[in-house]
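Chemist: got a sequence here, can you model it:
(chains A, B, C and D)
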There are 2 protein chains.
Amino acid sequence: MNMDAIFKVLANPVRVRILTWLKDPDTNFPPMIHLPEEEKGKGYVCVGVIQEKAGVTQSTVSHYLNLMKQAELLSCKRIGQWTYYRRNEETLQTTADYIAKHL
Amino acid sequence: MNMDAIFKVLANPVRVRILTWLKDPDTNFPPMIHLPEEEKGKGYVCVGVIQEKAGVTQSTVSHYLNLMKQAELLSCKRIGQWTYYRRNEETLQTTADYIAKHL
DNA sequence: TGACCATATCGAAATAATGCGATATCTATG
DNA sequence: CATAGATATCGCATTATTTCGATATGGTCA
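Modeler: Numbers count the residues shown, from 1 in each chain, chains lettered A, B, ... in the order given. Coordinates of the predicted model:
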């Protein structure tokens, strides 16, 4: 796990907000109506609604999401013309543990 | 507590290393021979030895230490011509708790 | 296939962080 | 008070990040 990349992600408050919004997609985002039934309830949120809520341009949010994916804080799945991102709880957990232990 | 400033401190690997070195001054730094008896064992380390170990210039380490102090990750005490820095365990603890809970 | 929508990538300008050398400040001491 | 040592601050050049608009890509559907 690349802690360095993770801390760089966290150094930007918009990215941190996105990360926390994704903890509870149901209250922070509209329902993902194009998501197939079997993928629902897994925390997936498409780029467009994240962009709108974050208040940055489409290219910026795409860049941010990519950084977070490189750091393995998010994973994504493309379904149709949409890309859905969700938290990678394993990395988040490991990060929290690392900080508690080594910081 | 300013999480934003804290995450910015952590975004630099040299600063993170300094923070972790200060967890165990006895093994990471030479003894602070000018420190008065009553201040020993409190984790204080002077700027010079941190600079040497970090491998950056004096002005750079001073700047880093100041950023970490602003973020309340470190506190400092001037004794004689030396400034001694040590970890602020309270902030570190609160940070770890915050991350575990909100991230 | 062609128009359309969502997302990704590219290129560039603005802003911020990095990290240095030079200089200032502060403290001790002769 | 003059000097010396430790640290802080200043000014600046370099590099990285931010963030945008423009464009490319990839999927959908008539």
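
Chemist: give me the buried stretch members for stretch A:15-23, please.
Modeler: Applying a neighbour-count criterion of 16 or more other C-beta atoms under 10 Å in any protein chain shown, one finds A:15-16, A:18-19, A:21-22 buried in stretch A:15-23. Quick note: C-beta positions are derived from backbone N, CA and C, even for glycine.

Chemist: of those, list those near DNA strand D.
Modeler: Among the buried residues of stretch A:15-23, proximity to DNA strand D is found for none (C-beta under 7 Å from any atom of the strand).

Chemist: what's the closest of those residues to B:Val47?
Modeler: A:Val16 (31.2 Å; C-beta to C-beta).

Chemist: one step back: got the buried residues of stretch A:15-23 as TSV, with pLDDT and secondary structure columns?
Modeler: Output for the buried residues of stretch A:15-23, formatted as TSV (pLDDT from 0 to 100; DSSP: H, G, I helix; E, B strand; the rest coil):
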residue	pLDDT	secondary structure
A:Arg15	98	helix
A:Val16	98	helix
A:Ile18	98	helix
A:Leu19	98	helix
A:Trp21	98	helix
A:Leu22	98	coil
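
Chemist: chain B next: which of those are close?
Modeler: Filtering the buried residues of stretch A:15-23 for neighbours of chain B using C-beta under 8 Å from any C-beta of the partner chain leaves A:16, A:19.
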